[in-house]
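Q: build me a model from this:
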Amino acid sequence: MDEDDMTSIAFEKQYAVNEKGDRIGVLLSLEDYRKLLDELEELDSLRARDAAKYCGDEAFPFEEAIADIERERDHL
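A: Presented below is the predicted three-dimensional model:
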């Protein structure tokens, strides 16, 4: 992951408000929604990798981990 990938993603958003004007929801474009899901998926993969790294279980090859992640993405 390069430095550009580490920056936050700016989403164009609109807010849903209640009768008092309080923000109660956010509307995103489908493209931004998909980007957000991709980022969450990547974060989940990183968390799983970190959990496996520190749990003390037997290590497995990096290529195998990547193949597992790709298979999971294909099923979404």
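
Q: from the contact counts, what lies against the helix ranked longest in the chain?
A: The residue-count maximum for a helix in the chain (DSSP state H) belongs to helix 30-54. Other helices and strands packing on helix 30-54, by 3 or more Cβ pairs under 8 Å, 6 or more residues apart in numbering; DSSP states H and E, are helix 62-74. For glycine as for every other residue, the C-beta is placed from the backbone atoms N, C-alpha and C.

Q: packing partners for the lowest-mean-pLDDT helix or strand in the chain?
A: When the helices and strands of the chain are scored by mean pLDDT, DSSP states H and E, helix 62-74 comes last with a mean of 79. Helix 62-74 is packed against helix 30-54, with contacts defined by 3+ Cβ pairs under 8 Å, 6+ apart.

Q: buried sites along the helix it packs on?
A: Buried residues in helix 30-54, counted by 16 or more other Cβ atoms under 10 Å: 32, 45.

Q: show residues contacting the longest helix of the chain.
A: 9, 11, 12, 13, 28, 65, 69, 73, 76 (Cβ atoms under 8 Å, 6 or more residues apart in numbering).

Q: what angle separates it from helix 62-74?
A: 140 degrees (axes from the mean of the first three to the mean of the last three Cα atoms, to 10 degrees).

Q: surely residue 16 is in a strand?
A: Yes - counting by DSSP: H, G, I helix; E, B strand; the rest coil, residue 16 is located in a strand.

Q: what bridges to it?
A: With DSSP bridges applied, residue 16 shows beta-bridge pairing to residue 25.

Q: what sits against residue 13?
A: 26, 27, 28, 32.

Q: show me the residue at the heart of this protein, geometrically.
A: Compute the mean C-alpha point of the chain, and by Cα atoms, centre = their mean the closest residue is residue 40, 1.3 Å away.

Q: please report how far that residue lies from residue 51.
A: To residue 51, residue 40 is 16 Å away according to Cβ to Cβ, to the nearest Å.
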